[in-house]
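Q: Sequence first, then the predicted structure:
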Amino acid sequence: MNKDEKAGLWSERIREFRFSGQTCRDWCTEHQIPVSTMTYWIRKLKQEKISSEVDKEPVFAKLPSESEIVMRDTAQETAAVSILILGYIRIEAAPSCPPELFQVMIRTLKENA
């Protein structure tokens, strides 16, 4: 029996023991296994599981920078108000434009245009 087969056999035995609800001593006596052997395999398989989890390569994900987030959000939003000044003034207000903003904008244009 090779190393992997032994580990598989003992994994199955440990699973059976845990599902039995018995104490380790009672289960081992019933199955004619020394308690020291059972505790050895419980410890060994637990250590192997931990070391295999530690050996895994970390995975890194690139997070967007703050400026990339701002640019993305700005590109996806539509402006509530657009003003075009070319010898004449053209104002486009979206339905989402707050009335207060529209009033301030008109007053400012009257005073400065």
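A: Noted; the coordinates are in hand.

Q: So what's the residue count around residue 33?
A: 16 (other C-beta atoms under 10 Å). C-betas here are computed from N, CA, C, even on glycine.

Q: OK, contacts around the nearest residue to it once chain neighbours are set aside?
A: Of all residues beyond its chain neighbours, the one nearest residue 33 is residue 13 (7.4 Å), with distances taken as C-beta to C-beta, 6 or more residues apart in numbering. Residue 13 makes contacts with 31, 33, 38, 41, as judged by C-beta atoms under 8 Å, 6 or more residues apart in numbering.

Q: Write a ChimeraX command that selects only the buried members of these.
A: Buried residues among the contacts of residue 13 (16 or more other C-beta atoms under 10 Å), as a ChimeraX selection:
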select :33,38,41
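
Q: before we move on, the earlier item: looks to me like the residue nearest to residue 33 is in a strand.
A: No - Residue 13 sits outside any strand when classified using DSSP: H, G, I helix; E, B strand; the rest coil, being helix.

Q: sec struct for the most far-flung residue of the chain relative to its centre, please.
A: Taking C-alpha atoms, centre = their mean as the measure, the residue most remote from the mean C-alpha position of the chain is residue 87, 53.5 Å away. When the structure is reduced to helix, strand and coil (three-state DSSP), residue 87 reads as coil.

Q: give me phi/psi at it?
A: Recorded main-chain torsions at residue 87 are phi 80, psi -20, according to degrees, to the nearest 10.
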